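Peer 1: My questions are about this predicted structure, shown below with the sequence.
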Amino acid sequence: MPYAHGLKPGDVLDNDKLTQLFKCGNAGGMRRSKETNSLVLISDHTKSLYDDRWDGDICHYTGMGQVGDQDINYMQNRTLAESTTNGVDVYLFEVFKPNQYIYRGPVKLAGRPYTERQLDREKNLRTVWVFPVQLLGNNKQPTVTVDELEDKQAHREKQARNLSDAELAKRAKSSGSKAGTRRVSTTVYERNEFIAEYAKRCAKGICQLCDQPAPFSKNGVPFLEVHHIEWLSRGGEDTVENTVALCPNCHRKMHILDLPADIQKLKSRARSNAQTLE
Ligand SMILES: [Zn+2]
Ligand SMILES: [Zn+2]
């Protein structure tokens, strides 16, 4: 296994530290260091609208060159293409938040580089080189947290919103048809089913925020969702006093806006729920 300067997968470095350890340049996605005979690949999800894509345990890494057709023999594209024979150690970092470089581990080329059509920075369709790489060792795709994924998604959605209609149409139509996949680690709260059922029964098929009937029924039961006024993920309690039943619209609203006036209303509803079924 190549020497990774004492780093463990998951370690987070800032740009200065990364540059110091690997003795590489401080900008760009592919950073060669002659001194440490290494090539650092940075998969920066905050940077561009086209993105390196994971599929199973393979990261499909887009090569160097921001404008015009990319050349497989250009600088570090060549280093990576020849990395099975040139003795250069290759390492992968991922970025979900500016200046937080998450170390993933040493990687190797896992197949032949191939070309893809993508828009460049000046919005012209061009050819890029894509390098399938895989982590050494257990070969598994690193898991990301829901937060990391949401940061990335929010950032990219903002970029998409800022495009003109014409640019958006161009990008939407030239995007690859294959969706990437990520392994996500998440914490799931096991809610008490008696408390959930209690809230629903008190609501009697009427949303406790907008006071409208549930929009549809499932198996003859009006469909409402159970919501914790103070979210479980923020330390809220799984109790009758903290639980209401909402229509799907209002439930989304609470998770997206969580307005103080709505919270107040739901708190008083939950308090009366607590007295309803006695
Ligand atoms: Zn509602
Ligand atoms: Zn909820």
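Peer 2: Yep, that arrived. Ligands and ions are numbered 1, 2, ... in the order given.

Peer 1: State the number of residues packed around the closest residue in space to Lys140 that isn't next to it in sequence.
Peer 2: By the measure of Cβ to Cβ, 6 or more residues apart in numbering, the closest residue to Lys140 outside its immediate chain neighbours is Asp57, 5.6 Å from it. Where you see a C-beta, it was placed from the backbone N, CA and C, and this is true even at glycine. Counted with other Cβ atoms under 10 Å, the neighbours of Asp57 add up to 14.

Peer 1: I'd assumed Leu136 was in contact with Asp57.
Peer 2: No. Applying Cβ atoms under 8 Å as the test, Asp57 and Leu136 come out as separate, 11.5 Å apart.

Peer 1: Overlap in contacts, these two.
Peer 2: Common contact partners of Asp57 and Leu136 (Cβ atoms under 8 Å, 6 or more residues apart in numbering): none.

Peer 1: mind giving me the domain ranges of this structure?
Peer 2: 2-185, 193-275 (automatic domain parsing).

Peer 1: And what about the closest residue to Ile102 other than its chain neighbours, helix, strand or coil?
Peer 2: Setting aside the residues directly before and after it, Ile102 is nearest to Glu94 in space (Cβ to Cβ, 6+ apart), at 4.9 Å. Following DSSP: H, G, I helix; E, B strand; the rest coil, the label given to Glu94 is strand.

Peer 1: contacting residues for Glu94?
Peer 2: Residues in contact with Glu94 (Cβ under 8 Å, 6+ apart) are Ile42, Ser43, Asp44, His45, Tyr101, Ile102, Arg104, Pro142, Val144.

Peer 1: sorry, back to before: how about the domains of the chain in CSV, adding mean pLDDT?
Peer 2: Output for the domains of the chain, formatted as CSV (pLDDT from 0 to 100):
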stretch, mean pLDDT
domain 2-185, 90
domain 193-275, 96
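
Peer 1: Would you convert those into JSON lines that also reports distance to ligand 1?
Peer 2: Output for these, formatted as JSON lines (distance: least, Cβ to the ion, whole Å):
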{"stretch": "domain 2-185", "distance to ligand 1": "24"}
{"stretch": "domain 193-275", "distance to ligand 1": "3"}
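
Peer 1: which stretches of the chain form helices?
Peer 2: 15-22, 75-81, 146-161, 165-174, 193-203, 248-256, 260-276 (DSSP state H).

Peer 1: just the strands in the stretch 101-250 of the chain please.
Peer 2: Listed in chain order, the strands of the stretch 101-250 of the chain (DSSP state E, counting those that start in this stretch) span 114-119, 125-135, 144-145, 184-185, 217-218, 221-222, 225-228, 243-246.

Peer 1: ok, back up a step: bridging residues for the residue nearest to Ile102?
Peer 2: Ser43, Ile102 (DSSP bridges).

Peer 1: Repeat that for Ile206.
Peer 2: Counting by DSSP bridges, the residues bridging with Ile206 are Pro213.

Peer 1: what number of residues lie near it?
Peer 2: By other Cβ under 10 Å, the residues close to Ile206 number 16.

Peer 1: ok, now how distant is the residue nearest to Ile102 from Ser272?
Peer 2: The gap separating Glu94 from Ser272 is 48 Å, by Cβ to Cβ, to the nearest Å.

Peer 1: Equivalent analysis for Asp16, please.
Peer 2: 57 Å.

Peer 1: same thing with Gly176?
Peer 2: In terms of Cβ to Cβ, Gly176 sits 53 Å off from Ser272.
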